[in-house]
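Peer 1: Fold the following.
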Amino acid sequence: MIKSLLSAFLMYSRIPMIQVEWKKENRRYALGWFPLIGAVIGGVLLAWRMFCTYFSVSQFLFAAVAVIIPVLVTGGIHIDGFCDVTDARSSYAEREKRLEIMSDPHIGSFAVIRVCLYLILQTALFSQINDIRSTAVVSCGYILSRSLSGLSAVTFRCAKKDGTLQDFVRPSYRSVTMAMITVFGASASLLMLFINTIQGLASFAAALVSFWYYRKTAYKEFGGTTGDLCGWFLQICELSVPAAAVFAGIMMEVLL
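Peer 2: Predicted coordinates for the structure are as follows:
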């Protein structure tokens, strides 16, 4: 369990960890621990919100750093997947060609354009999140998004027989991994609802819609999921959650 935890953080974060040998036995429960990286991101984001509130830091600076925090923690591994999938989908090629494009280490113009627009929109959304409770709801979203991403990895059909995702899926004890992911995801969802029922419900619904869209896209356009598609979904979900929280907050102000 401990070595699987270390393997998950070594693979999906840039947080310094004790090195463990890269072998199947050390990756059996790695995907089950994946949501904990989201908990770290959410915790740092919440701490940054408290700091900004206490020292009256400008909302724009809060938003800019809020967007940077996940990249600093993860090293941008999921944004890389977002870019690869964007290039593949933008090619409108056959399924096999799309999978080939995703494996290409080079980045295309469509990916650059989309990721710039993504970061601008995410910054704009965070500029509207100006209180602790709303930030806490969004922070829980980082756990939920990784829970859903991990769940898809062990339950969705795989588009390829090899790759980084398979290195984690093949050796995993699926029943235990799914139980761990479910506990993390359910806990994050309930915490969302407890913190702010309206924003929490909206954010949870947005995450589920993103998950449905992800499965539909993965199966229809790629024949299943891959590591890049898991990262692409993660980014889509982590844009949808703050968007839903902001929208719900505005509606609450209008109606009340």
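Peer 1: shouldn't Leu119 be in contact with Val67?
Peer 2: Yes: when contacts are counted by CB atoms under 8 Å, Leu119 is listed as touching Val67 (6.0 Å). Backbone N, C-alpha and C define where each C-beta goes, glycine included.
Peer 1: Of the two, which one has the most company?
Peer 2: Val67 (19 against 16; other CB atoms under 10 Å).
Peer 1: does that one sit in a helix, a strand or a coil?
Peer 2: Per DSSP: H, G, I helix; E, B strand; the rest coil, the local secondary structure of Val67 is helix.
Peer 1: Please report how far it lies from Arg174.
Peer 2: Using CB to CB, to the nearest Å, Val67 is found at 34 Å from Arg174.
Peer 1: Sticking with Phe62, tell me its helix or strand.
Peer 2: Secondary structure from DSSP states H and E places Phe62 in helix 59-74.
Peer 1: for that helix, which positions count as buried?
Peer 2: Neighbour counts using 16 or more other CB atoms under 10 Å place 62-63, 65-67, 69-70, 73-74 of helix 59-74 among the buried residues.
Peer 1: Equivalent analysis for stretch 104-123, please.
Peer 2: Neighbour-count burial for stretch 104-123 [16+ other CB under 10 Å]: 108, 111, 114-115, 118-119, 122-123.
Peer 1: Run the chain-centre distance for it.
Peer 2: 16 Å (CA atoms, centre = their mean, to the nearest Å).
Peer 1: Only C-alpha atoms, please: export that stretch in PDB.
Peer 2: Taking C-alpha atoms only, stretch 104-123 is exported to PDB below (Å, rounded to 0.1, in the frame of the first residue of the first chain):
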ATOM      1  CA  ASP A 104       3.600  12.100 -31.000                       C
ATOM      2  CA  PRO A 105       5.600  14.100 -28.500                       C
ATOM      3  CA  HIS A 106       5.300  17.200 -30.600                       C
ATOM      4  CA  ILE A 107       2.500  19.800 -30.000                       C
ATOM      5  CA  GLY A 108       0.300  21.100 -32.800                       C
ATOM      6  CA  SER A 109      -1.100  24.600 -33.300                       C
ATOM      7  CA  PHE A 110      -4.600  23.500 -32.300                       C
ATOM      8  CA  ALA A 111      -3.400  22.300 -28.900                       C
ATOM      9  CA  VAL A 112      -1.500  25.600 -28.300                       C
ATOM     10  CA  ILE A 113      -4.600  27.600 -29.200                       C
ATOM     11  CA  ARG A 114      -7.000  25.500 -27.000                       C
ATOM     12  CA  VAL A 115      -4.700  25.400 -24.000                       C
ATOM     13  CA  CYS A 116      -4.300  29.200 -24.100                       C
ATOM     14  CA  LEU A 117      -8.000  29.600 -24.200                       C
ATOM     15  CA  TYR A 118      -8.500  27.100 -21.500                       C
ATOM     16  CA  LEU A 119      -6.100  28.800 -19.100                       C
ATOM     17  CA  ILE A 120      -7.600  32.300 -19.800                       C
ATOM     18  CA  LEU A 121     -11.100  30.900 -19.100                       C
ATOM     19  CA  GLN A 122     -10.000  29.100 -16.000                       C
ATOM     20  CA  THR A 123      -8.300  32.300 -14.700                       C
END
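Peer 1: if you average pLDDT over that stretch, what comes out?
Peer 2: Confidence over stretch 104-123 (mean pLDDT, whole number) is 92.
Peer 1: Residues contacting it, please?
Peer 2: Residues outside stretch 104-123 that contact it (CB atoms under 8 Å, 6 or more residues apart in numbering): 63-64, 66-67, 79, 82-84, 86-87, 90, 235, 238-239, 242.
Peer 1: re earlier: got a markdown table for the buried residues of stretch 104-123, with distance to Ala39 and secondary structure too?
Peer 2: What follows is these, written out as a markdown table (distance: CB to CB, whole Å; DSSP: H, G, I helix; E, B strand; the rest coil):
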| residue | distance to Ala39 | secondary structure |
| --- | --- | --- |
| Gly108 | 33 | coil |
| Ala111 | 29 | helix |
| Arg114 | 28 | helix |
| Val115 | 25 | helix |
| Tyr118 | 23 | helix |
| Leu119 | 23 | helix |
| Gln122 | 20 | helix |
| Thr123 | 23 | helix |
